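> Next come a sequence and a model predicted from it.
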Amino acid sequence: MATEYDNYEAAAKNIIARVGKKIVIGAPLGIGKPIGVLNALYRLAEADTSINLTIITALTLARPDYSNDLEKRFVAPLLDRILTNYVDPLYEKARVAQCLPKNINVIEFFLTTAKYLHNDYVQQNYVNSTYSLVARDALALGINAIAQVVARSPEPPYLYSVSSNSDLFDAIANGLQGREKIAIVGEVNQNMPFMYGSHAVFNDDKFTDIVDTHDYKSLFAIPHDELSAADHLIGFYTSFLIKDDSCLQIGIGKLSNAVANALIVRDKNPQVYQHVYDTLRAREKFGDLIASLGELKPFSKGLYASTEMLSDGYMQLYNQGILKKRVYDHIGLQRLINEKKISETLAPDTLNVLIANKVIPANLTAEDVDFLKQFGIFKAEIEFQNGLLLVANEKLASDLSLADNCAKVSKLCLGKYLINGKIIHAGFFLGTNDFYQQLRDLPDLVRHQIDMTSIARTNSLHWSYDLLALQRTDARFVNTAMMVTLGAVVISDGLKDMREVSGVGGQFDFVNMAQNLPSARSIINCHSTRTSRRVTSNIIWEYPNYTIPRFLRDIVVTEYGIADCRAKVDADIIKCMLNIADSRFQPMLLAQAKSAGKIEKDYEIPALFRQNFPRQTKALVKELQQKGLCEPYPFGTELTATEQVLKKVLLILKTKRPLSMFLLVLRALCFFKSDQEYMAYLERMNLKKTSNFKEFVYKKLLMFMIFKINDKPS
């Protein structure tokens, strides 16, 4: 049994006693990180330089450093609302400042996006690894301890749910078995939803140590994303490619929410959805492709999700009755469902069908009865004893080869519906406070349909190719990229000088899996441009550092359409990619392709694709918003109306160059509207009264920018 502690320092000291003063501790990605234990270890190592502490983890979540006082005034109160009493990891502040003690080291395999581009320490201590190989790489780095946040069941004998990243904990814990000095630590936090799954729930004998302070801190929550017009159109184009009765992976972030929102519009507002399709001239541009790979109709059978990350978008699809398709972890049973030989509502001939298709023998064994009860084909109370089936007060022969006996067994033993189907298989989760609360509030029956399982299962086919191929019919694995070349090389995680922006995560796994599953496709979503002081194309000619190689090319979607790059010659791929590039950059890109001899010298982009300008995307989305659809925050927001305006102002200011900012400040200082008209904004930014010239400039700048945005004060 595990040793229990009610304070973190005692648990940390015991870890050192177990493994020695050289501690290499694994901690999971995101919200599963045991911050209480890690902070206690950090303090001990900081005070005692004879302790050597290495933390191997990913996606450290912490309050940001602020680039200026104006940003802090806006963001800090918002984070206080969202994060409440969340505790930041102590190592993170020192790591950001690049002043970690020499005896403390932090290694990560996935980074908060763009946070560490100018941090030499983090760049030098990043491990480039696909998520499916993280457990292997962590063990190779010499881990001798692993710690994880767990949820505990309310009554003894206690069960512990390693709700998020369960498989890494399980894999590493198993990998440590047999070693003399190890620590396997569970940090109880009852704010963590208690999730079920094949790798998620353990007895306390899985752990060497359990620490429960009964002072449970908030999980790190991310705010709801604001979706732009381009985000929404990428969502719509992607949704055109998703079939009913299929498998979906959309990940997390703005574009995954845009896809979820578009699918909801498709299901709940089919006429509006068709209007979007027609207005985009999608039939004319991509009709054959959409007809062969996708659908436009509402969902009758629904979708099943197999995903690395469970996020808000999936729960929105569940709430709307779209994520409802169940799969079953039995090859024979799943095959019969796919072939429509049986359904979830059991029929009188179900046993005959199972026998005819060799899922069960005619003469049942105890193992066969267990299988039938596991999936609800037999009622739970049926017992097998000495070759007989016991039901109520009757004893029936287990030999179903006799028609009369089979009919009687079906009448007395058969259940009504299949059970233990799963609508979601996921590796970990991260999202908003609303999302966490929904997971906590799910009825137990529904929560059992969400299987927190291994990344080996969600991100690959090695777990069981035959079963996974049956479950992932017409799978669409949707991921996001920073840039894509004209040859369909995907750049998602790093810059040309090898600086790491984020990490590979599971993207390569999903793209590779799409190439090896019948009817599956990988969809890479990418904005056609980005703006950082100036507009730059994200569709480019070449790039030396890439995430997905050219030979794994598949589908690319921008706000201007769909490029099907699979099984095509280079010239045709380039043409497809040019068609979905921003028209301001098409001539340059076409010239580069011609210069390299990869496209005909006399080729011209068809006129139909030469009107790819932002004004068209914004006009359509504005029209939809007037119908109450495609709102900037389709799934809600933590921001008040006042904060939404302030956010726009700060984002505009962030793009200004020094000279234009100087001129803007001069104009703002000459702006003489009454403070009273802007009081809600000034109070929110704590600028109602100013105590120095800098605050006075901030106040005038905000008032002037709000006036420009609103045309009139609110």
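Yes, it's here. Numbering: from 1, shown residues only.
> The closest residue to residue 329 other than its chain neighbours and residue 196, how far apart?
Spatially, and ignoring its direct neighbours in sequence, residue 329 is nearest to residue 467 (6.7 Å; Cβ to Cβ, 6 or more residues apart in numbering). C-beta here means a position set from N, CA and C on the backbone, and glycine is covered the same way. Distance, residue 467 to residue 196, using Cβ to Cβ, to the nearest Å: 19 Å.
> Same check on residue 188?
Counting by Cβ to Cβ, the gap between residue 188 and residue 196 amounts to 17 Å.
> What sits closest to residue 260 if chain neighbours are left out?
residue 313 (3.5 Å).
> can you pull the buried residues of the top helix by length along the chain?
In the chain, with assignment by DSSP state H, the single longest helix is helix 693-710. By neighbour count with 16 or more other Cβ atoms under 10 Å, helix 693-710 contains the buried residues 695, 698, 699, 700, 701, 702, 703, 704, 705, 706, 707.
> Now do the helices in the stretch 151-300 of the chain.
With DSSP state H, counting those that start in this stretch, the ranges of helices along the stretch 151-300 of the chain come out as 166-176, 229-239, 254-268, 270-279, 282-293.
> distance between the longest one and the chain's centre?
Right, the one you point to is helix 254-268. A distance of 15 Å separates the centroid of the chain from that of helix 254-268, by Cα atoms, centre = their mean, to the nearest Å.
> And stretch 297-307, by the same measure?
For stretch 297-307, the distance between its averaged C-alpha position and the chain's averaged C-alpha position is 17 Å (Cα atoms, centre = their mean).
> What lies in contact with that stretch?
Stretch 297-307 is contacted by residues 242, 244-251, 263, 266-268, 270, 314, 317, 321-327, 422-427, 457-458, 468, 471-472, 475 when judged by Cβ atoms under 8 Å, 6 or more residues apart in numbering.
> average pLDDT for it?
Stretch 297-307 shows a mean pLDDT of 97 in the predicted model.
> Same check on stretch 368-387?
Mean pLDDT, stretch 368-387: 96.
> Could you do stretch 339-358 as well?
Stretch 339-358 comes out with an average pLDDT of 96.
> Now do the end-to-end distance for it.
Between the opening and closing residues of stretch 339-358 lies a distance of 15 Å (Cα to Cα, to the nearest Å).
> Check which helix or strand the residue nearest to residue 329 maps to.
In the assignment (DSSP states H and E), residue 467 maps to helix 465-471.
> Please point out which parts of that helix sit buried.
Within helix 465-471, the residues that qualify as buried are 467, 468, 469, 470, 471, counting by 16+ other Cβ under 10 Å.
> how about the last one, what does it touch?
Going back to what we said before, that points to residue 471. Contacts were defined as Cβ under 8 Å, 6+ apart; by that measure residue 471 touches 247, 304, 306, 327, 334.
> again, only this time at 6 Å
By Cβ atoms under 6 Å, 6 or more residues apart in numbering, residue 471 lies in contact with residue 327.
> I figured residue 49 hits residue 102, correct?
No. Counting by Cβ atoms under 6 Å, residue 49 does not reach residue 102; the two are 7.5 Å apart.
> Name the residue in the two with the higher neighbour count.
Under the criterion of other Cβ atoms under 10 Å, the comparison of residue 49 against residue 102 puts residue 49 first, with 11 against 7.
> re the thing from before, in CSV, list the C-alpha atoms belonging to the longest helix of the chain.
Extracted C-alpha coordinates of helix 693-710, given in CSV (Å, rounded to 0.1, in the frame of the first residue of the first chain):
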residue,chain,number,x,y,z
PHE,A,693,2.2,61.1,-17.0
LYS,A,694,2.5,57.5,-18.2
GLU,A,695,-1.0,56.7,-16.8
PHE,A,696,-2.3,59.9,-18.3
VAL,A,697,-1.0,58.8,-21.7
TYR,A,698,-2.5,55.3,-21.2
LYS,A,699,-5.9,56.9,-20.4
LYS,A,700,-5.9,59.2,-23.4
LEU,A,701,-4.7,56.4,-25.7
LEU,A,702,-7.5,54.0,-24.6
MET,A,703,-10.2,56.6,-24.9
PHE,A,704,-9.1,57.6,-28.4
MET,A,705,-8.8,54.0,-29.6
ILE,A,706,-12.2,53.0,-28.2
PHE,A,707,-13.7,56.1,-29.9
LYS,A,708,-12.2,54.9,-33.2
ILE,A,709,-13.5,51.3,-32.8
ASN,A,710,-17.0,52.3,-31.7
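> That one packs against which elements?
Contact here means 3 or more Cβ pairs under 6 Å, 6 or more residues apart in numbering; DSSP states H and E; on that basis helix 693-710 packs against helix 658-669.
> that older thread, from residue 201, how far off is the residue nearest to residue 329?
If you go by Cβ to Cβ, the gap between residue 467 and residue 201 works out to 21 Å.
> Same question for residue 14.
The gap separating residue 14 from residue 201 is 24 Å, by Cβ to Cβ.
> just residue 299 next, same as before
If you go by Cβ to Cβ, the gap between residue 299 and residue 201 works out to 31 Å.
> Looking at these two, which has the bigger crowd around it?
Under the neighbour definition other Cβ under 10 Å, residue 299 and residue 201 were set side by side, and residue 299 has more, 24 against 20.
> Got the phi and psi for the more buried one?
Residue 299 adopts backbone torsions of phi -90, psi 120, taken as degrees, to the nearest 10.
> try the one 5 residues further on
Geometry field for residue 304 lists phi and psi as phi -120, psi 140, criterion degrees, to the nearest 10.
> Test of understanding: give the bridge partners of it.
Here residue 304 sits in beta bridges with residue 247, going by DSSP bridges.
> and residue 390, which of the three is it?
strand (DSSP: H, G, I helix; E, B strand; the rest coil).
> I'd assumed residue 383 was in contact with it.
Yes. Residue 390 lies in contact with residue 383 (Cβ under 6 Å); the separation is 4.2 Å.
> Would you mind measuring from residue 283 to residue 548?
29 Å.
> Comparing those two, which residue is more hemmed in?
Neighbour tally, residue 283 and residue 548, criterion other Cβ under 10 Å: the higher count belongs to residue 548, 25 against 13.
> what's the burial count for the nearest residue to that one once chain neighbours are set aside?
Using Cβ to Cβ, 6+ apart and skipping the chain neighbours, the partner closest in space to residue 548 is residue 490 (3.6 Å). When neighbours are defined as other Cβ under 10 Å, residue 490 has 28 of them.
> same deal with the one 10 residues further on?
The criterion is other Cβ under 10 Å. On that basis, residue 500 has 22 neighbouring residues.
> The stretch 351-500 of the chain: strands as residue ranges?
For the stretch 351-500 of the chain, the strands identified by DSSP state E, counting those that start in this stretch occupy 383-385, 388-391, 394-397, 424-429, 450-452, 476-480, 483-485, 490-491, in order along the chain.
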